[in-house]
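1. take a look and give me a structure for this.
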Amino acid sequence: MDKRPVSTYHYLAIPKQHYDSLNVLNKSHVDLVSRMQDGMVKFLESKGVDTSDAIIGFHIPPFISQHHLHLHGISPVSGMSISDRISFLMPSFWAKSANDTIDLLRHSDL
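-> So this is what the prediction gives:
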(Lines give C-alpha, C1' and ligand atoms only; values in the text may rest on other atoms or scores of the structure.)
Protein backbone atom coordinates (compact mmCIF):
# COMPACT_ATOMS: atom_id res chain seq x y z
CA MET A 1 0.00 0.00 0.00
CA ASP A 2 1.16 3.54 -0.74
CA LYS A 3 2.24 5.50 2.33
CA ARG A 4 -0.06 8.36 1.22
CA PRO A 5 -3.09 6.61 -0.32
CA VAL A 6 -5.23 8.84 -2.55
CA SER A 7 -8.24 6.52 -2.72
CA THR A 8 -9.72 3.45 -1.05
CA TYR A 9 -7.24 1.19 -2.86
CA HIS A 10 -3.75 2.48 -3.61
CA TYR A 11 -1.10 -0.15 -4.12
CA LEU A 12 2.42 -0.17 -5.60
CA ALA A 13 4.16 -2.76 -7.75
CA ILE A 14 7.92 -2.50 -7.25
CA PRO A 15 10.46 -4.53 -9.21
CA LYS A 16 13.14 -6.41 -7.26
CA GLN A 17 15.90 -4.96 -9.42
CA HIS A 18 16.53 -1.25 -8.88
CA TYR A 19 15.59 1.17 -11.66
CA ASP A 20 15.71 4.85 -10.79
CA SER A 21 12.65 5.78 -12.86
CA LEU A 22 10.95 5.34 -16.23
CA ASN A 23 13.73 7.41 -17.75
CA VAL A 24 16.24 4.54 -17.52
CA LEU A 25 14.02 1.98 -19.24
CA ASN A 26 14.23 0.96 -22.91
CA LYS A 27 12.78 -1.57 -25.32
CA SER A 28 14.33 -4.44 -23.35
CA HIS A 29 12.09 -3.55 -20.37
CA VAL A 30 8.72 -4.07 -22.12
CA ASP A 31 8.29 -7.46 -20.43
CA LEU A 32 9.08 -5.99 -17.02
CA VAL A 33 6.45 -3.25 -17.34
CA SER A 34 3.93 -5.74 -18.79
CA ARG A 35 4.47 -8.09 -15.84
CA MET A 36 4.10 -5.20 -13.40
CA GLN A 37 0.84 -4.15 -15.07
CA ASP A 38 -0.55 -7.70 -15.28
CA GLY A 39 0.40 -8.35 -11.65
CA MET A 40 -1.27 -5.13 -10.52
CA VAL A 41 -4.48 -5.90 -12.42
CA LYS A 42 -4.63 -9.42 -10.95
CA PHE A 43 -3.88 -8.11 -7.46
CA LEU A 44 -6.59 -5.44 -7.68
CA GLU A 45 -9.08 -7.99 -9.01
CA SER A 46 -8.22 -10.32 -6.10
CA LYS A 47 -9.28 -7.47 -3.79
CA GLY A 48 -12.63 -7.15 -5.62
CA VAL A 49 -11.60 -3.89 -7.29
CA ASP A 50 -13.28 -2.85 -10.55
CA THR A 51 -10.23 -2.17 -12.70
CA SER A 52 -12.32 -0.21 -15.19
CA ASP A 53 -12.41 2.53 -12.51
CA ALA A 54 -8.69 2.32 -11.73
CA ILE A 55 -5.53 4.19 -12.58
CA ILE A 56 -2.55 1.97 -13.34
CA GLY A 57 0.52 3.99 -14.13
CA PHE A 58 3.77 5.73 -13.29
CA HIS A 59 4.89 9.23 -12.39
CA ILE A 60 7.57 10.73 -14.64
CA PRO A 61 10.68 12.52 -13.31
CA PRO A 62 11.05 15.06 -11.92
CA PHE A 63 7.56 14.41 -10.52
CA ILE A 64 8.60 11.40 -8.44
CA SER A 65 8.94 11.14 -4.66
CA GLN A 66 10.96 7.90 -4.65
CA HIS A 67 13.94 7.14 -6.85
CA HIS A 68 12.91 3.54 -7.39
CA LEU A 69 10.57 2.56 -10.21
CA HIS A 70 7.07 1.79 -8.94
CA LEU A 71 3.69 1.31 -10.59
CA HIS A 72 0.61 2.77 -8.93
CA GLY A 73 -2.70 0.91 -8.85
CA ILE A 74 -5.44 3.24 -7.60
CA SER A 75 -9.20 2.74 -7.35
CA PRO A 76 -11.80 4.08 -7.40
CA VAL A 77 -10.92 7.19 -9.35
CA SER A 78 -14.24 8.65 -8.18
CA GLY A 79 -12.92 8.49 -4.60
CA MET A 80 -9.96 10.74 -5.38
CA SER A 81 -9.84 14.44 -4.61
CA ILE A 82 -9.55 16.88 -7.51
CA SER A 83 -5.90 17.62 -6.70
CA ASP A 84 -5.08 13.88 -6.57
CA ARG A 85 -6.86 13.33 -9.89
CA ILE A 86 -4.68 16.05 -11.38
CA SER A 87 -1.56 14.51 -9.83
CA PHE A 88 -2.37 11.19 -11.52
CA LEU A 89 -3.80 12.64 -14.76
CA MET A 90 -2.79 10.34 -17.61
CA PRO A 91 -1.44 11.02 -20.11
CA SER A 92 0.37 14.13 -18.98
CA PHE A 93 3.95 15.28 -18.79
CA TRP A 94 4.07 14.10 -15.13
CA ALA A 95 2.26 10.74 -15.34
CA LYS A 96 1.92 7.91 -17.86
CA SER A 97 -0.33 4.85 -17.88
CA ALA A 98 1.23 1.41 -17.96
CA ASN A 99 -0.25 0.86 -21.44
CA ASP A 100 1.24 4.11 -22.74
CA THR A 101 4.58 3.22 -21.17
CA ILE A 102 4.61 -0.18 -22.89
CA ASP A 103 3.78 1.45 -26.25
CA LEU A 104 6.54 4.04 -25.76
CA LEU A 105 9.12 1.40 -24.85
CA ARG A 106 8.16 -0.81 -27.81
CA HIS A 107 8.85 2.08 -30.16
CA SER A 108 12.04 3.30 -28.48
CA ASP A 109 15.31 3.18 -30.42
CA LEU A 110 17.27 1.40 -27.68
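
2. all contacts plus neighbour counts: C-alpha atoms, from now on.
-> Fine.

3. which helix or strand contains H18?
-> H18 is part of no helix or strand when elements are defined by DSSP states H and E.

4. hang on, it packs against Q66?
-> No - H18 lies out of contact with Q66 (Cα atoms under 8 Å); the separation is 11.5 Å.

5. quick one, helices of this structure?
-> All helices of the chain, identified by DSSP state H, fall at 30-46, 82-87, 98-106.

6. by mean pLDDT, flag the weakest helix or strand of the chain.
-> Taking mean pLDDT, DSSP states H and E as the measure, the chain has helix 82-87 as its least confident helix or strand, at a mean of 94.

7. quick check: neighbours shared by H18 and Q66?
-> In terms of Cα atoms under 8 Å, 6 or more residues apart in numbering, H18 and Q66 are not both contacted by any residue.

8. could you list the low-pLDDT ranges of this protein?
-> The chain contains residues with pLDDT under 70 at 1, 110.

9. nearest residue to the middle of it?
-> The centre of the chain sits closest to G57, judged by Cα atoms, centre = their mean, with a distance of 2.3 Å.

10. any idea how far S34 lies from R85?
-> Counting by Cα to Cα, to the nearest Å, the gap from S34 to R85 is 24 Å.

11. list the helices and strands the least confident helix or strand of the chain packs on?
-> Using 3 or more Cα pairs under 8 Å, 6 or more residues apart in numbering; DSSP states H and E, no helix or strand is in contact with helix 82-87.

12. what lies in contact with that helix?
-> Taking Cα under 8 Å, 6+ apart as the rule, helix 82-87 contacts V6, V77, W94, A95.

13. surely the first one touches M80?
-> Looking back up the chat, that one is V6. Yes - between V6 and M80 there is a contact under Cα under 8 Å: 5.8 Å.
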